[in-house]
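*Asks:* Quick one, fold the following:
(one chain, ligands or ions: 1)
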Amino acid sequence: MTVVHVLYGTESGNAEMVADDIAAAFGDQGYETVTAELTDVDVSDLAAMEIAVFVSSTYGEGGLPETAAPFHDALLTERPDLSGVRFAAFGLGDSIYETFNNAIETIRAALLELGAEQIGTTAKHDAASTTPATELADAWARELLTLMPA
Ligand SMILES: Cc1cc2nc3c(=O)[nH]c(=O)nc-3n(C[C@H](O)[C@H](O)[C@H](O)COP(=O)(O)O)c2cc1C
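*Replies:* The predicted structure follows:
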């Protein structure tokens with residue numbers, strides 16, 4: 001069965017919890033999952049991933065978390081051909097900021113530019129809402145599972 005890579009960038013741990021939840025939802029359905037922080041992902045390994053789920057919070061003025069920025073820089077420098085990669089995207093942010101959830105859009109844009117194809121909708125958790133990120137992650141992962149290739 002397809003291996004699902006869940007790759008996250010975080011500053012204070014919320015994206016890691018979400019990544020763990022998404023991996024658990026896929027694991028429950030029999031998928032093999034690999035969860036990794038983006039600092040530990042080599043851009044040159046990305047092209048071989050059939051399915052990658054990106055999870056990232058936003059920091060500063062709409063910037064990437066420190067653990068995701070080097071990965072994004074490397075993507076734009078090394079420019080791997082990602083035409084065989086399907087990805088899904090889950091962002092965490094806070095609507096108090098004008099730059100709400102910018103980081104996941106930045107990552108999405110780079111992946112699409114390099115030929116990767118998105119599956120499903122981009123989730124955008126709002127820390128100002130009453131919905132816990134893990135609750136949104138569970139619902140979103142269930143929806144994503146229905147879109148997975150056989
Ligand atoms: C200093 C600081 C700056 C932030 N900047 C933004 C921002 O520009 N846009 C946004 O949508 N959220 C912003 N956030 C909200 C975080 O993205 C949100 O709290 C998220 O859940 C943190 O996830 P993490 O624990 O995985 O880093 C900021 C939070 C902090 C503490």
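
*Asks:* Show the pLDDT at the closest residue to residue 61 other than its chain neighbours.
*Replies:* Leaving aside its chain neighbours, residue 61 sits nearest to residue 99 (5.8 Å; criterion: CB to CB, 6 or more residues apart in numbering). Where you see a C-beta, it was placed from the backbone N, CA and C, and this is true even at glycine. What the model reports as pLDDT for residue 99 is 97.

*Asks:* what's the answer for residue 1, then?
*Replies:* In this model, residue 1 carries a pLDDT of 72.

*Asks:* before we move on, what about residue 149?
*Replies:* What the model reports for residue 149 is a pLDDT of 78.

*Asks:* Repeat that for residue 77.
*Replies:* On pLDDT, residue 77 comes in at 97.

*Asks:* is any part of stretch 18-36 close to the ligand?
*Replies:* No: Stretch 18-36 lies out of reach of the ligand by CB under 6 Å from any ligand atom, never closer than 7.5 Å.

*Asks:* Where does the residue nearest to residue 61 fall, secondary structure wise?
*Replies:* Following DSSP states H and E, one finds residue 99 outside all helices and strands.

*Asks:* do the same with the one 4 residues further on
*Replies:* Secondary structure from DSSP H and E places residue 103 in helix 102-113.

*Asks:* Which other helices and strands does that helix contact?
*Replies:* Here helix 102-113 touches strand 51-57, helix 69-78, strand 86-93, strand 117-118, going by 3 or more CB pairs under 8 Å, 6 or more residues apart in numbering; DSSP states H and E.

*Asks:* now residue 124, nearest residue through space, not along the chain?
*Replies:* Nearest to residue 124 is residue 101, by CB to CB, 6+ apart, at 4.4 Å.

*Asks:* Thought residue 58 was touching the one you found, still the case?
*Replies:* Yes: at 5.7 Å, residue 101 and residue 58 qualify as touching, with contact defined as CB atoms under 8 Å.

*Asks:* Identify the contacts common to those two.
*Replies:* 91, 92, 93 (CB atoms under 8 Å, 6 or more residues apart in numbering).

*Asks:* center of the protein - which residue?
*Replies:* Centroid-nearest residue in the chain: residue 54, 1.3 Å away (criterion: CA atoms, centre = their mean).

*Asks:* Distance-wise, check that one relative to the ligand.
*Replies:* 13 Å (CB to the nearest ligand atom, to the nearest Å).
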